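# Curious how this folds, go ahead:
(4 chains)
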Protein chains: 2
Amino acid sequence: MLTPKQYKLLMFIDNTIKETGCCPSFEEMKAAVGIKSKSGIHALIEELVEREFVRKLPHKARALEVLKIPRFKPKDIIEEEKKIKLALQNSSAQIPLYGKIAAGTPIEAIAYENETVSVPYDLVTRGDFYALRIEGESMIEAGIMDGDLAIIKRAETAENGQIVVALVDDCEATLKVWQKKDNEIWLKPCNKDYQIRKLHPSQVKVQGILNGIIRSYN
Amino acid sequence: MLTPKQYKLLMFIDNTIKETGCCPSFEEMKAAVGIKSKSGIHALIEELVEREFVRKLPHKARALEVLKIPRFKPKDIIEEEKKIKLALQNSSAQIPLYGKIAAGTPIEAIAYENETVSVPYDLVTRGDFYALRIEGESMIEAGIMDGDLAIIKRAETAENGQIVVALVDDCEATLKVWQKKDNEIWLKPCNKDYQIRKLHPSQVKVQGILNGIIRSYN
DNA sequence: TTCAAAAAGAACTAAAGTAGAACATTTATA
DNA sequence: TATAAATGTTCTACTTTAGTTCTTTTTGAA
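A predicted model of the protein is given here:
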């Protein structure tokens, strides 16, 4: 069994080699493991060599080879990973803000390029997400208000009843409830004052599915 | 296993062979790696040969063979890890979740003690915040739905028109629009089916002002 | 408090990288 | 095939980066 430091160092070496193709130097390892002196790294590596987790090419610099990874992680590492998981849940992610989208009459979408917004991480796990600013009132009965931030998951298909970003005739993007009826697509607003749009499937493309709403009263 | 220069050269050789079909000369390698002398290239190649990454056909010019290149992690895993790192950096704020609050009939508030929720940091700058889970439909016309997470900023007073957490008769907490009329406080729901409550100022205390909504469709 | 293990730091040794020139070999072609 | 041009090898000298070894300091557990 390795000590937490040994394990951490071993994983760092393995990771660095797999990511960059070359072996890290002692200086780099210092930073990664959180040790201030090279001699500490030296000692750790000697341990790893003795236990045959790594091999040193003699009289070479930056010449370590990882031979194996232990099956069991030290307790401290497990603890740490749990903490990271928790922190991840309590953290936010950056997703691009692509502009405004009509919840009423369709307006510009995919307008701004480099803006991003931060959203709680657990709203955007697994998948590719972006945000749109809601404009208009057509989805008001679904609790989606003018000015809300819609978190959209990129998708090309949708299930009936899902709220989607739909591109109509390759030019207007709109947020509506998706419903496939026979050979028609219905885009249903959530506001009595708006009409359902009934379109031929060839006219409509799904660009994403509504995954969340963030509103700020600031 | 490799030093950065060795790796760079190896990749250059490998790429050149794959692209042009023939091995680059030392002069070309010089330019690619950023070295002014051929002897440096020679030394690098000797190292690569020793580590069995390339093979030299003896007595041939431009006759190197790449035997192996370091194997990498799949790109999507690297992407995922980057995402996690970013997410950890953009970690959001923790605020206590104090329980459910009626947006209909008032229910328990200030119930749970140690639960917290995470919210995007910019929703909770300046001030003391807590969260409540919305229950009921009384604020539905304000886009506040059953199950939404309400981000509340602690406050003792409110302006007319603000949505507040109001404590009535020291026992029921409720989320309503605050309106002071003459010598009465009006707590206005946002739902035609609910009545405005008109109360004497001594009966009502402001406990906070609605600052944001987070909804997840997960 | 005491002791051992871990870490820090300094001083040192070794390897990697750089450069230029002279020399050797291979390749193209006159 | 003779020869020049292209290519590769070896050597020296030097700078920078990397790794080792030792002593001192800190830390943490008995």
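
# Tell me how many other residues crowd the residue nearest to residue A:66 when sequence neighbours are not counted.
Among residues not flanking residue A:66 along the chain, residue A:14 sits closest, at 4.5 Å (C-beta to C-beta, 6 or more residues apart in numbering or on different chains). Bear in mind the C-beta positions are built from the backbone N, C-alpha and C, glycine included. Using other C-beta atoms under 10 Å in any protein chain shown, residue A:14 is surrounded by 18 other residues.

# hang on, residue A:14 in a strand?
No: counting by DSSP: H, G, I helix; E, B strand; the rest coil, residue A:14 is located in no strand; its state is helix.

# which helices and strands sit right next to the longest strand anywhere in chain A?
Longest strand in chain A by number of residues, with DSSP state E as the criterion: strand A:204-216. If contacts are counted by 3 or more C-beta pairs under 8 Å, 6 or more residues apart in numbering or on different chains; DSSP states H and E, strand A:204-216 sits against strand A:149-154, strand A:163-168, strand A:172-181, strand B:204-216.

# what is the orientation angle of it with strand B:149-154?
20 degrees (axes from the mean of the first three to the mean of the last three C-alpha atoms, to 10 degrees).

# Pop the domain breakdown of chain A in here.
Here the domain parsing of chain A from automatic domain parsing is A:4-88, A:92-214.

# For DNA strand D, find the nearest of those.
Closest to DNA strand D of the domains of chain A is domain A:4-88 (C-beta to the nearest atom of the strand; 3.3 Å).

# is DNA strand C contacted by the closest one?
Yes: residues of domain A:4-88 contacting DNA strand C under C-beta under 7 Å from any atom of the strand: A:5, A:35-40, A:43-44, A:59-63.

# near DNA strand D, which residues of chain A show up?
A:23, A:25-27, A:38-39, A:41-42, A:45, A:56, A:61-63.

# Among the residues you listed, name the ones in strands.
Counting by DSSP E, those contribute residue A:56 to strands.

# ok, and of the residues of chain A next to DNA strand D, which contact chain B?
A:23, A:61, A:62, A:63 (C-beta under 8 Å from any C-beta of the partner chain).

# Can you tell me which of those residues is nearest DNA strand C?
Nearest member of these to DNA strand C, counting by C-beta to the nearest atom of the strand, is residue A:61, at 3.6 Å.

# Who does the helix or strand containing residue A:130 pair with, and is each partner parallel or antiparallel?
Residue A:130 belongs to strand A:129-135 when elements are defined using DSSP states H and E. As defined by DSSP bridges, the strand partners of strand A:129-135 come to strand A:92-102 (parallel), strand A:149-154 (antiparallel).

# Is residue A:194 part of a helix or strand, or is it coil?
coil.

# Excluding chain neighbours, what is closest to it?
Here the residue nearest residue A:194, using C-beta to C-beta, 6+ apart, is residue A:138, at 4.7 Å.

# I'd say the one you found and residue A:176 touch.
Yes: counting by C-beta atoms under 8 Å, residue A:138 touches residue A:176, with 7.5 Å between them.
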